[in-house]
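Novice: Got a predicted structure plus its sequence, pasted below:
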Amino acid sequence: MKDLSTIDLIKNNKALTAFSFVFIIVFILLGFWQIERAEIKASLIQQFDLEQAKAPKLFLVLPHNGAESI
């Protein structure tokens, strides 16, 4: 049985090498996407907290004109 080095195995199995390379790139891109999503989420939480800290808005209650509601 031949003892092949890692370099020889890569050269002999080009399909597996291409498959691995593609998925490494995909997983790296997904990692950056997750980091971007985390930044967006932090921004949304900050905006929500700012809105929650504001005084509540008062709504004008219109007088009832006597018409029946549906």
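Specialist: Alright, I've got the coordinates. Numbers count the residues shown, from 1 in each chain.
Novice: Tell me which helix or strand Val26 sits in.
Specialist: helix 14-53 (DSSP states H and E).
Novice: and if you look at Leu58?
Specialist: With DSSP H and E as criterion, Leu58 is part of no helix or strand.
Novice: Could you give the number of residues near it?
Specialist: Applying other CB atoms under 10 Å, we find 6 other residues in the vicinity of Leu58. The way it works is simple: take the backbone N, C-alpha and C, and place the C-beta from them, glycine included.
Novice: Repeat that for Ile10.
Specialist: The number of residues packed near Ile10 is 13, by other CB under 10 Å.
Novice: again with Asp49
Specialist: Here the number of neighbours of Asp49 (other CB under 10 Å) works out to 9.
Novice: Tell me the pLDDT of it.
Specialist: According to the prediction, Asp49 has pLDDT 95.
Novice: now do the one 10 residues further on
Specialist: Per-residue confidence (pLDDT) for Phe59: 82.
Novice: if we can go back for a sec, now do the buried residues in the helix holding Val26.
Specialist: Buried residues in helix 14-53, counted by 16 or more other CB atoms under 10 Å: none are found.
Novice: So which elements touch the lowest-mean-pLDDT helix or strand in the chain?
Specialist: The weakest-scoring helix or strand in the chain, judged by mean pLDDT, DSSP states H and E, is helix 6-12 (a mean of 77). Packed against helix 6-12 by the contact rule (3 or more CB pairs under 8 Å, 6 or more residues apart in numbering; DSSP states H and E) you find no helix or strand.
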